[in-house]
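1. Give me coordinates for this.
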Amino acid sequence: MKARIYIRLKESVLDPQGKAVLAGLESLGFKGLEDVRVGKLVEITFAPGANRAKAAGEVKEMCEKLLANTVIEEYNFDLAD
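-> Numbering: from 1, shown residues only. The predicted model follows:
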């Protein structure tokens, strides 16, 4: 089983990296873009036979304790076999 965790800045938090990417895309001729937000993808592979409910709880705990700064970031994840 694999967990895919998506972490990004909250909408209320300025994203300077996203602004730089937006400016770069516009300078390359991509028009009509309103905003760009940059985030992270973390993939975690569990050992074969891992319990899905336990894995979901562990991923949430990992995010809350280490992977995401929940003051300024939000996250979501999915589990795939």
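2. what mean pLDDT would you report for the strand or helix carrying residue 59?
-> Using DSSP states H and E, residue 59 sits within helix 52-62. Average pLDDT, helix 52-62: 98.
3. same for that helix, what does it pack against?
-> Where contact means 3 or more CB pairs under 8 Å, 6 or more residues apart in numbering; DSSP states H and E, helix 52-62 is packed against strand 2-9, strand 73-80. C-beta coordinates here come from the backbone N, C-alpha and C atoms, glycine included.
4. Not counting the last one itself, show me its contacts.
-> What it means is strand 73-80. Residues from elsewhere that reach strand 73-80, judged by CB atoms under 8 Å, 6 or more residues apart in numbering: 1-10, 13, 52, 55-56, 59-60, 63, 67-68.
5. what's around residue 63, how many residues?
-> Neighbours of residue 63 under the rule other CB atoms under 10 Å: 20.
6. Not counting residues beside it along the chain, what's closest to it?
-> Of all residues not flanking residue 63 in the chain, residue 75 sits nearest, at 4.9 Å (CB to CB, 6 or more residues apart in numbering).
7. Pull the number of nearby residues for the one you found.
-> Around residue 75 there are 20 residues (other CB under 10 Å).
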